[in-house]
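>>> need the 3D shape of this:
(2 chains)
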Amino acid sequence: MNGFKAVTALALLLPSWLAAQEPSLEGRLDPATAAAVLAIVDSARADGIPTRPLLNKALEGAGRGAHPERILWAVRGLAGRLETARAVLGYQSTEPELVAGAGALYAGVPPASLAELREAVPGASVALPLVVLADMVDRGVPTDAATTVLVSLARAGVDHAAYDALRLSVAQDIRAGAAPAAAAYTRARGLLLEAGRVPQQRPPP
Amino acid sequence: MRMGWVCGRALALMGLLAVPAVGHAQQHSAIDLASGALAIDSAPAHALFLGGRFGVDRGVLGLDGSGSLALLGTRPAFGDVHLTARLAARTGKLHTSLFVTGLAGGLVDHASSWGGRVGIRPRLELGPTHLSLTGALGRLQVGTEWRDVRTIGGMLSRHLPSALLTLSAAYTTYTYRGLVTEEHTYHVAGFPFVSRVTVTGDAVTSYFDGGLAVRWWPGRVSLVLATGLQGGQRTATRPWARASLEVPVHRGLHLVAQGGWQPAVPERELPSMRIASIGLRLSRAVPARLAETDETAAVSLVEDVPGTLRLRFSGVRADRVELEGDFTQWQPLRLVRLTGTSWELPLAVPVGVHRVCVRIDAGACEPPPGLPVASDEFQGQVGVLVVP
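Residues are numbered from 1 along each chain as shown, chains lettered A, B, ... in the order given. As a prediction, the model looks like this:
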């Protein structure tokens, strides 16, 4: 039985390992565009910026049938945002954190919000909070409200399920007609109450 | 003359049905243009085939339409339009639909037909195996005669990772009722009188049709092979077989080759015919958004083998689901069907933040349900999957 599990795990991990290798542009882009993308990638590599997201962005554009100029614009933009995210989140940040940070910046989250989130949990990954932050901003939650909510949750040390619950419930409330900021605050307060991290309100005098 | 009128209407209806469907259908739509040979009663002729189909699902309601037309030169040889409305309900593994179909069309130089039928189709979904029964009643006007048609049938289908096997059987009985007006002229006291008498003739006849079909899609190519046997009181028992191959040429454009022996439709007086054609299919498959395929549509990560996370989709009613994303290098990767609406990616998902989209039945690639959504910077959207 254990042997079966080992073989199954190997069969699953092998393609996963293959998928984790650096993507190849060969045959996916015309030679001129591929060369221009690789020049951006080489420059990013020299600056210590992760290159796989850049290659993936080029492949994503190729898969969508985007114009070569548009692909180069997207790859250049992503390289710039990855650099900004690294500067704000710190040089020790992981690739998932930088990818999530770059996504948040593209969604309109200001760099200061990324820094605030990092400061809230200096030793933990901020990848998921950043993805949720970008999603909430994309749904119309004002940036300052979304940042406040996610910093509060991060400081409270809530688990991944809480972030997912917040995102889904806020999206549901907005669809039902709630004001985005109110939905974010209300749902976050509920989660913090569940976690026992909300200070008791003072009774009125 | 009447047939030309019917075929002309068939073409017009087909245009009305198919063209808007390309723009607005929520499930799938296609327009076919093919050139080939058509042989009826062993008389071959070159034909130009036009066809269109669409399907829309909105909650419990659904609408399907299809039309086809074969032209011999500029003269219509065969035209056909079907329009079906469906009302569906689901109770656990039992999915039941009530349907109403209207049809019109026919064969030039043969009797035209138009009419409709109502029916019920319960389907039991036992994982990848589905068993369905169909019962339908209808009335057809064929030329100046009409028939009451009753059909009962069954279908057993099994989904495999890249194939669908279907075994079907149907038994049809119809009451032929012909109306003939006879005129008699006779004279009384030198004056002519005309007498019209309508004679009604009844006759019950029946036939059966059974078949086996395999739909196989290795890679992006789709191959369908089907064969069966048809026979009855008025038709000799004879085999039929057909095959079709669909190869994508460009986004939304497919090369389609098909051929074979089509079985007859005795109650419509449509004889069996041989068809071989090659053509182009213009399809804009815009499937129902994933979130609308089922209220419970969701993505989950499952760790059934320690250390490996697998992506599972539930509540997705489709024939084919593919995922594209960072960890597939934006190449489509087909999901394996686990049960009727549950699918799994045959690949362990690496740790990280991944941008992904899902393609249902060769439609547009859309963000999976339940995941955060982000712009893809190419005027589309993707889902963001965080694997801790």
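>>> which intervals of the stretch 151-300 of chain B have sub-threshold pLDDT?
Low-confidence segments of the stretch 151-300 of chain B (pLDDT under 70): B:159-163, B:178-182, B:197-202, B:217-220, B:234, B:251-252, B:284-297.
>>> report the contact partners of the residue of chain B positioned farthest from its centre.
Largest separation from the mean C-alpha position in chain B: residue B:189, at 64.6 Å (CA atoms, centre = their mean). Applying CB atoms under 8 Å, 6 or more residues apart in numbering or on different chains to residue B:189 gives no contacts. Where C-beta positions appear, they are placed from N, C-alpha and C, glycine not excepted.
>>> how much space separates it from residue B:183?
To residue B:183, residue B:189 is 20 Å away according to CB to CB, to the nearest Å.
>>> in PDB, could you pull the C-alpha coordinates for stretch B:309-323?
What follows is stretch B:309-323, C-alpha atoms only, in PDB (Å, rounded to 0.1, in the frame of the first residue of the first chain):
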ATOM      1  CA  LEU B 309      -2.000  19.100  -3.700                       C
ATOM      2  CA  ARG B 310      -4.500  18.400  -6.500                       C
ATOM      3  CA  LEU B 311      -6.900  20.800  -8.000                       C
ATOM      4  CA  ARG B 312     -10.500  19.700  -8.100                       C
ATOM      5  CA  PHE B 313     -13.500  21.400  -9.700                       C
ATOM      6  CA  SER B 314     -17.100  20.600  -8.700                       C
ATOM      7  CA  GLY B 315     -20.400  21.500 -10.100                       C
ATOM      8  CA  VAL B 316     -19.200  21.900 -13.600                       C
ATOM      9  CA  ARG B 317     -21.600  20.400 -16.200                       C
ATOM     10  CA  ALA B 318     -19.600  20.000 -19.400                       C
ATOM     11  CA  ASP B 319     -18.100  17.500 -21.800                       C
ATOM     12  CA  ARG B 320     -14.600  18.800 -21.600                       C
ATOM     13  CA  VAL B 321     -12.800  21.000 -19.100                       C
ATOM     14  CA  GLU B 322      -9.300  22.400 -19.600                       C
ATOM     15  CA  LEU B 323      -7.100  24.500 -17.400                       C
END
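>>> which residues belonging to that stretch are considered buried?
Burial within stretch B:309-323, assessed by neighbour count using 16 or more other CB atoms under 10 Å in any protein chain shown, is assigned to B:309-318, B:320-323.
>>> what's the answer for stretch B:328-341, then?
Neighbour-count burial for stretch B:328-341 flags B:328, B:329, B:330, B:332, B:333, B:334, B:335, B:337, B:340, B:341 (criterion: 16+ other CB under 10 Å).
>>> among the buried residues of stretch B:309-323, which are located in helices?
Nothing among the buried residues of stretch B:309-323 maps onto helices, per DSSP state H.
>>> possible to save these as JSON lines with pLDDT and distance to chain A?
As requested, the buried residues of stretch B:309-323 are exported to JSON lines (pLDDT from 0 to 100; distance: CB to the nearest CB, whole Å):
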{"residue": "B:309", "pLDDT": "72", "distance to chain A": "9"}
{"residue": "B:310", "pLDDT": "77", "distance to chain A": "7"}
{"residue": "B:311", "pLDDT": "82", "distance to chain A": "11"}
{"residue": "B:312", "pLDDT": "84", "distance to chain A": "13"}
{"residue": "B:313", "pLDDT": "83", "distance to chain A": "16"}
{"residue": "B:314", "pLDDT": "79", "distance to chain A": "15"}
{"residue": "B:315", "pLDDT": "76", "distance to chain A": "15"}
{"residue": "B:316", "pLDDT": "79", "distance to chain A": "18"}
{"residue": "B:317", "pLDDT": "75", "distance to chain A": "22"}
{"residue": "B:318", "pLDDT": "77", "distance to chain A": "20"}
{"residue": "B:320", "pLDDT": "82", "distance to chain A": "17"}
{"residue": "B:321", "pLDDT": "86", "distance to chain A": "17"}
{"residue": "B:322", "pLDDT": "88", "distance to chain A": "12"}
{"residue": "B:323", "pLDDT": "89", "distance to chain A": "12"}
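>>> pull the most distant pair out of those.
Within these, B:309 and B:317 form the most distant pair, 24.8 Å apart (CB to CB).
>>> any idea which of the buried residues of stretch B:328-341 is least confident?
Across those, the smallest pLDDT goes to residue B:340, namely 71.
>>> so what sits opposite the nearest residue to residue B:276 once chain neighbours are set aside in the bridge?
Once flanking residues are discounted, residue B:276 sits nearest to residue B:259: 3.7 Å by CB to CB, 6 or more residues apart in numbering or on different chains. Counting by DSSP bridges, residue B:259 is bridged to residue B:243, residue B:276.
>>> do I have it right that residue B:259 meets residue B:273?
No. Counting by CB atoms under 8 Å, residue B:259 does not reach residue B:273; the two are 11.3 Å apart.
>>> which one of the two has more residues nearby?
Counted by other CB atoms under 10 Å in any protein chain shown, residue B:259 and residue B:273 do not tie: residue B:273 has more neighbours, with 21 against 17.
>>> sorry, back to before: list the contacts of the residue nearest to residue B:276.
Applying CB under 8 Å, 6+ apart to residue B:259 gives the contacts B:36, B:242, B:243, B:244, B:274, B:275, B:276, B:277.
>>> for the second one, give its distance to residue B:275.
In this case it means residue B:242. For residue B:242 relative to residue B:275 (CB to CB), the value is 8 Å.
>>> among the helices and strands of chain A, which has the poorest mean pLDDT?
Counting by mean pLDDT, DSSP states H and E, chain A has its least confident helix or strand at helix A:2-20, which shows a mean of 50.
>>> tell me the helix or strand right after it.
The helix or strand immediately downstream of helix A:2-20 is helix A:31-46, counting by DSSP states H and E.
>>> pLDDT on that following helix, on average?
93.
>>> same thing with stretch B:371-382?
Rounded mean pLDDT across stretch B:371-382 is 85.
>>> now swap in stretch B:119-129 and tell me
80.
>>> most proximal residue of the stretch 101-250 of chain B with respect to chain A?
For the stretch 101-250 of chain B, the residue positioned closest to chain A under CB to the nearest CB is residue B:250, at a distance of 9.4 Å.
>>> I'd say residue B:257 and residue B:275 touch.
No. Using CB under 8 Å as the test, residue B:257 is too far from residue B:275 to be in contact (11.3 Å).
>>> show me which of the two is the more surrounded one.
residue B:275 (20 against 15).
>>> can you pull the contacts of that one?
Residue B:275 touches B:36, B:37, B:38, B:39, B:242, B:258, B:259, B:260, B:262, counting by CB under 8 Å, 6+ apart.
>>> tell me which residue is most central in chain A.
Nearest to chain A centroid, counting by CA atoms, centre = their mean: residue A:100, 2.0 Å.
>>> for that residue, which non-adjacent residue is spatially closest?
The nearest residue in space to residue A:100 (CB to CB, 6+ apart) is residue A:130, at 3.8 Å.
>>> check what pLDDT the one you found gets.
The predicted local confidence for residue A:130 is 95.
>>> can you tell me the element it falls in?
helix A:127-138.
>>> thinking again about what came up before, which neighbours do residue B:242 and residue B:275 share?
In contact with both residue B:242 and residue B:275: B:258, B:259, B:260, B:262, using CB under 8 Å, 6+ apart.
>>> run through the residues that contact the first one.
Looking back up the chat, that one is residue B:258. B:34, B:242, B:243, B:244, B:245, B:275, B:276, B:277, B:278.
>>> please apply the same query to residue A:54.
Residue A:54 makes contact with A:37, A:40, A:41, A:44, A:75, A:78, A:79, A:82 under the criterion CB under 8 Å, 6+ apart.
>>> any buried residues in the helix or strand that contains the last one, and which?
Residue A:82 is part of helix A:68-89, with elements assigned from DSSP H and E. Buried residues in helix A:68-89, counting neighbours by 16+ other CB under 10 Å, are found at A:68, A:71-72, A:74-76, A:78-79, A:81-86, A:88-89.
>>> again, but for stretch B:189-209
B:205, B:207, B:209.
>>> helix or strand right after the strand or helix carrying the second one?
Taking DSSP H and E as the criterion, residue B:207 maps to strand B:191-216. Next along the chain after strand B:191-216, taking DSSP H and E as the criterion, comes strand B:222-232.
>>> that concludes my questions; thank you for your assistance.
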